[in-house]
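>>> Predicted model follows, preceded by the sequence.
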Amino acid sequence: MSQALGIPDSGLLFQTDSALVINPNEPLNKLLLDKRFRQSFMAFADSCLAGESVHFYNEVHEHDKIPANDPVRRIYMARHIIEKYIVAGAAMEVNISYRTRQEILTTTNLAHPDLFNNALNELMQLMKTNLAKDYWSSMFFIKFKEESNTRFNGHEQETMAGWNFSPRLSSVHGADDPFHQEHVLKGFGCDNHDLNTQ
């Protein structure tokens, strides 16, 4: 029964895919954890020709999903990130300090879990300063809010349809229905006087 109600063994209700409430006062690094928000923010940053920081964040986020006990995949992903974002003159070179860049380039352990942490911290400051404030007043944010609301409303309707809700409480139709009132169906123009006389 608890599973039918969406209650897991812990007793907590499952989180539905509701509209994400985006609060500009939340820390940007917390907001960027949401994939949809991150994609919207990335599109905005790309439109400002400053998308490399968000792309870097996104790839490091994916890198961090690789388990620590899979060093081969972590090293391959780290090399990809270094070649694309860290090496001087890279296609999407990020704006980080010389010291941080050298720490990454001279590391002996490409599988280290904190390899990109300092770079992320620096870039997060840049994004907060240069991008975040303008994002909240951009069309990208307005579109994101509209899509989130649409997605939420669509999910709500889908959930209701799944339960087979009907505008009528009774499944009995027509004259068999004891609550069926002919005068209501015949005309919508009746007033209280007409109802009292019947």
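Good, I have the coordinates.
>>> Where does the prediction get shaky in this structure?
1-21, 152-198 (pLDDT under 70).
>>> how about the nearest residue to Pro113, chain neighbours excluded?
Ala68 (6.1 Å; Cβ to Cβ, 6 or more residues apart in numbering). For every residue, glycine as well, the C-beta is placed using N, CA and C.
>>> Surely the one you found is in contact with Arg74?
Yes: with contact defined as Cβ atoms under 8 Å, Ala68 and Arg74 form a contacting pair (7.5 Å).
>>> coming back round to it: how about the residue nearest to Pro113, secondary structure?
Under DSSP: H, G, I helix; E, B strand; the rest coil, Ala68 falls in the coil class.
>>> In contact with it, which residues?
Contacts for Ala68 (Cβ atoms under 8 Å, 6 or more residues apart in numbering) come out as 74, 111, 113.
>>> Which neighbours do Ala68 and Arg74 have in common?
Common neighbours of Ala68 and Arg74 (Cβ under 8 Å, 6+ apart) are Ala111.
>>> So which bits of stretch 37-46 are buried?
Residues of stretch 37-46 classed as buried by neighbour count (16 or more other Cβ atoms under 10 Å): 37-38, 40-42, 44-45.
>>> Filter the contacts of Ala68 down to the buried ones, PyMOL style.
Here is the PyMOL command that selects only those of the contacts of Ala68 that count as buried (16+ other Cβ under 10 Å):
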select buried, resi 74+111
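>>> Can you show me the helices along this structure?
Along the chain, the segments classed as helices by DSSP state H run 28-31, 35-47, 52-65, 71-81, 98-105, 117-127, 133-135, 139-162, 182-186, 192-197.
>>> want to try a markdown table for those, with distance to Ala91 as columns?
Listed next are the helices of the chain as a markdown table, based on distance: least, Cβ to Cβ, whole Å:
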| stretch | distance to Ala91 |
| --- | --- |
| helix 28-31 | 24 |
| helix 35-47 | 14 |
| helix 52-65 | 9 |
| helix 71-81 | 11 |
| helix 98-105 | 16 |
| helix 117-127 | 16 |
| helix 133-135 | 24 |
| helix 139-162 | 23 |
| helix 182-186 | 69 |
| helix 192-197 | 76 |
